[in-house]
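K.L.:
No sequence on hand, only this structure:
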């Protein structure tokens, strides 16, 4: 339709409101589209999250709870936030367990008449006791489930139980694959001891086939004998399985020198920008500061921590003044105790605060897809209305799902929890292993996660939930 | 509601159709949800695309058009498809340009009284002529646009023009950032020669800051003097820019030994599963077999080629019989001539065929997001109705956009074109450089792309467009 020239401006005036009202999403995101663009330009322009992660991993290295490196990480992240001139930066003191790997961890398939000994690539699982000084030498029995273990009867007595059920590679969701296999790591020693095993070897929790063992937490029970537990690389697991088929009587010598020392003091590290209108209403964005000791915890979870600090940095650079308080929290001790998350939830300081949302990034510094939300249906549907604001960042997926381990103690009290959802196909290649180093993190993917987190923090700070 | 026992089966019978009809998407994808799950399980279970890519990159290495390696790649991919016992595997002969890099490519900032010489990391741009044997030594003038160049006047005469406009890092779409900078690479020598330059150095087309130069095609015009052109690593570009600020009179010696040899014979490689009902209707899925010579073309575009073969492999393994013909095409010479794509479009064999869809994967072997579609609105809207079938594979984004260079000659005749849309934040870290090797490809992300391509091929083969 060609309008007469004189009517042209008038026609526009009539059309604009109609266009805007035709789509609720368009209206709703009008205030945030420009903010999203500013966050993107500032974040990608500086690539600051990666610079922070480089500083963290270089200065602290692996940061297992209770280690000197973890203490350094507390100081480093506090200093990072102090550089931002936030409204407040502080520590909340906690006590953490202290497990140390020790210098010896090895597994050898003993030689026989016609075979030389074969080394397997192993590492102690987090929390494992040591073997006796000279190691434990025993025959090996391979199983793929606790059910299979339970029907072995006396066959397991005196043996090293070898849990070799892989993560299911055919699943789309790698975290689901992890969830389907990780009981072997966490409870393998307990279940093995119940049937008389002397130690356990567990196939590493990874979808990659390589020679790098992946550690992670395991647990004992007071009523059951403690036996040593080690992770075996996936190539090592395949090799051992093959060797067992050829020679079921082969023996392995496992030697570990890990030990648990007394608890030590540590801290969560917090920094915040106070809300201009409702400062008592708090939005937490965080990750966990501790890491396993084999890599430098670049993805798990240096990424989440540095993204949380970058959220505040982006707010500062853009001069964004949130109506509600936005607080970055570096939780300590997620990996082997969750003391930080538990302590945060019950700290007396929480008494005067009203947390309205908890956001965690702990799935690696990969390209974001959106958020998983742990909230009741009403809140979920309300928050999901903001999803279109994230489309330009290709992170508009809002789905029901878990949020994060550290925020779960508070989320379980009914506070809406959000987990940054990312592209996770690569995550378990690195997770809990020497592979988890900064060269596996792409600066743009990491920064984009921080940008998306900043946008969610800002929307929630302005709109509430 | 608790139903009386006897009514229970009846109630189910009544409910089921209602549930199905409640959502058009549910109905539409009913036939394909199970296929998607089978493709996923089979693909992730075998990880065959990565095994194929390993074979291609190990046996062929870099595969620049006209090279012996490119000939090997033709033979290797033909053999890969012959192993699948397809209905037909064949070559279509073409002629390709042959440019060779030669053994010398270096740039040195000459020393002065108080400075030693400084080497810069460079490589010849594809198509560049050589310098004279002893190199070209000249002063350098830095510019950021052709407009800036055009107003230099006599200042460019006899100089090496240094194009140093970076890809815009603040953009979300890395391909858009590439598009905004790549004219410097393609036309820099032409524009430089027009103002009297003796050679050009071009900042590498990458968002990474490293010391690896990225090559790529450049062009001359018959009417303008040909001058040598080289890419400079981003670190080298930053260094040169800094040195120029300190010493605008510095001189660089550029030495290249590249040359263009006569055209040589080559081929596109094709394999297909014939349609059971409409075999004359053809769906093409492909990538380009040639690669630049600095890496092994793992992402660009070994990934796309191996995914196309994996599509047919998945069809075979699952016994899928498409109603229409599904054809994998390895196009030759995308990088520096597009001869394969052009020849395919006009080959006499096309006369008896009716192409209904053209699909290309040429954005790297990264996690898929969906497809960009180059088709008219009617076709686009019809195809987009299938998007929900891709949700379980997290690749349900169907957007208007370009499809692929190789299929564009045929797509420009009105045949719907589709490009596999992927997560592209990392792509230009590797693109056209020594970084583009298989260790940068994640096996699951690559396979997921093949799974998604296979699903689109199957849906289109059964439903038409």
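P.N.:
Alright, I've got the coordinates. Computed from a predicted model, the values in this text were never measured in an experiment.
K.L.:
right, and residue A:45 touches residue B:170 too?
P.N.:
Yes - with contact defined as C-beta atoms under 8 Å, residue A:45 counts as touching residue B:170 (5.0 Å). Heads up, the C-betas are built off the backbone N, CA and C, glycines and all.
K.L.:
Report the separation between the closest residue to residue A:440 other than its chain neighbours and residue B:303.
P.N.:
Spatial nearest neighbour of residue A:440, chain neighbours left out: residue A:430 (5.2 Å); criterion: C-beta to C-beta, 6 or more residues apart in numbering or on different chains. Noted for residue A:430: a distance of 21 Å to residue B:303, by C-beta to C-beta, to the nearest Å.
K.L.:
for the residue positioned nearest the centre of chain A, helix, strand, or coil?
P.N.:
A centroid search over chain A (C-alpha atoms, centre = their mean) returns residue A:362, at 3.0 Å, as the residue closest to the centre. The three-state assignment at residue A:362 reads coil, by DSSP: H, G, I helix; E, B strand; the rest coil.
K.L.:
Now stretch A:319-339: buried residues?
P.N.:
A:320, A:322-339 (16 or more other C-beta atoms under 10 Å in any protein chain shown).
K.L.:
Show me which residues of chain A are close to chain B?
P.N.:
When proximity is defined as C-beta under 8 Å from any C-beta of the partner chain, chain A approaches chain B at A:40-41, A:44-45, A:47, A:169-172, A:174, A:207-208, A:367, A:369, A:392-394, A:423, A:425-426, A:429, A:442-445, A:448.
K.L.:
filter the residues you listed to the buried ones?
P.N.:
Burial by neighbour count, 16+ other C-beta under 10 Å: within these this picks out A:40-41, A:44, A:47, A:169, A:171-172, A:174, A:207-208, A:367, A:369, A:392-394, A:423, A:425-426, A:429, A:442-445, A:448.
K.L.:
which residues sit in contact with the residue of the stretch 151-300 of chain A found nearest chain B?
P.N.:
The minimum distance from the stretch 151-300 of chain A to chain B, using C-beta to the nearest C-beta, falls at residue A:170 (4.2 Å). For residue A:170, the contacting residues are B:40, B:41, B:44, B:45, by C-beta atoms under 8 Å, 6 or more residues apart in numbering or on different chains.
K.L.:
Now render the residues you listed as TSV, adding distance to residue A:185.
P.N.:
Listed next are those as TSV, based on distance: C-beta to C-beta, whole Å:
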residue	distance to residue A:185
B:40	25
B:41	24
B:44	22
B:45	23
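K.L.:
distance of residue A:420 from chain B?
P.N.:
Between residue A:420 and chain B the computed distance is 15 Å (C-beta to the nearest C-beta, to the nearest Å).
K.L.:
scratch that, residue A:370
P.N.:
Noted for residue A:370: a distance of 11 Å to chain B, by C-beta to the nearest C-beta.
K.L.:
Surely that residue is in contact with residue A:390?
P.N.:
Yes - contact criterion C-beta under 8 Å: residue A:370 and residue A:390 qualify, at 6.3 Å.
K.L.:
of residue A:430 and residue B:303, who's got more company?
P.N.:
The neighbour count for residue A:430 versus residue B:303, taken as other C-beta atoms under 10 Å in any protein chain shown, is higher for residue B:303 (32 against 23).
K.L.:
what helix or strand is residue A:456 on?
P.N.:
Element membership of residue A:456, judged by DSSP states H and E, is helix A:443-463.
K.L.:
which helices and strands sit right next to that helix?
P.N.:
helix A:24-46, helix A:48-60, strand A:278-288, helix A:304-318, strand A:324-331, strand A:354-360, strand A:368-374, strand A:417-422 (3 or more C-beta pairs under 8 Å, 6 or more residues apart in numbering or on different chains; DSSP states H and E).
K.L.:
which of those sits most buried?
P.N.:
strand A:324-331 (a mean of 29; mean count of other C-beta atoms under 10 Å in any protein chain shown).
K.L.:
I'd like the mean pLDDT over that strand, please.
P.N.:
The pLDDT scores in strand A:324-331 average 98.
K.L.:
Which strands or helices does it pack on?
P.N.:
Against strand A:324-331 (3+ C-beta pairs under 8 Å, 6+ apart) you get helix A:68-82, strand A:259-273, strand A:278-288, helix A:304-318, helix A:339-346, helix A:443-463.
K.L.:
Report the angle between the fourth one and strand A:354-360.
P.N.:
In this case it means helix A:304-318. 120 degrees (axes from the mean of the first three to the mean of the last three C-alpha atoms, to 10 degrees).
K.L.:
Just give me the neighbour total for residue A:111.
P.N.:
12.
K.L.:
Verify the stated contact: it with residue A:117.
P.N.:
Yes - using C-beta under 8 Å, residue A:111 is in contact with residue A:117, at 4.2 Å.
K.L.:
May I have the secondary structure class of residue A:129?
P.N.:
coil.
K.L.:
Now for the nearest residue to it once chain neighbours are set aside, how many residues are close by?
P.N.:
Nearest non-adjacent residue to residue A:129, counting by C-beta to C-beta, 6+ apart: residue A:226, 5.1 Å away. The number of residues packed around residue A:226, counting by other C-beta under 10 Å, is 14.
K.L.:
just residue A:290 next, same as before
P.N.:
Neighbourhood size, residue A:290 [other C-beta under 10 Å]: 31.
K.L.:
so it touches residue A:69, yeah?
P.N.:
No - here residue A:290 does not reach residue A:69: they are 9.4 Å apart, not a contact under C-beta under 8 Å.
K.L.:
what is in contact with those two at once?
P.N.:
Common neighbours of residue A:290 and residue A:69 (C-beta under 8 Å, 6+ apart) are residue A:63.
K.L.:
Any regions of the stretch 301-450 of chain A where pLDDT drops low?
P.N.:
Applying pLDDT under 70 to the stretch 301-450 of chain A flags no residue at all.
K.L.:
Name the residues contacting each of residue A:370 and residue A:390.
P.N.:
Common neighbours of residue A:370 and residue A:390 (C-beta under 8 Å, 6+ apart) are A:396, A:452.
K.L.:
Neighbouring strands - and their directions - for the helix or strand containing residue A:202?
P.N.:
Element membership for residue A:202 (DSSP H and E) is strand A:199-203. Under the criterion DSSP bridges, strand A:199-203 sits next to strand A:160-163 (parallel), strand A:229-232 (parallel) in its sheet.
K.L.:
Could you say which one of the ones you listed comes nearest to residue B:123?
P.N.:
strand A:229-232 (42.8 Å; C-beta to C-beta).
K.L.:
centre of the chain versus the closest one, how much separation?
P.N.:
Computed by C-alpha atoms, centre = their mean, to the nearest Å, the chain-centroid distance of strand A:229-232 equals 21 Å.
K.L.:
Assess the claim that the residue nearest to the centre of chain A and residue A:288 are in contact.
P.N.:
Yes - with contact defined as C-beta under 8 Å, residue A:362 reaches residue A:288; the gap is 6.4 Å.
K.L.:
so the residue nearest to residue A:129 makes contact with residue A:192?
P.N.:
No - if you go by C-beta under 8 Å, residue A:226 and residue A:192 don't touch, sitting 10.8 Å apart.
K.L.:
For the spatially closest residue to residue A:327 that is not a sequence neighbour, list the residues it contacts.
P.N.:
With sequence-adjacent residues excluded and distances taken as C-beta to C-beta, 6+ apart, residue A:327 is closest to residue A:272, at 3.9 Å. For residue A:272, the contact set (C-beta under 8 Å, 6+ apart) comprises A:86, A:87, A:88, A:89, A:282, A:312, A:325, A:326, A:327, A:328.
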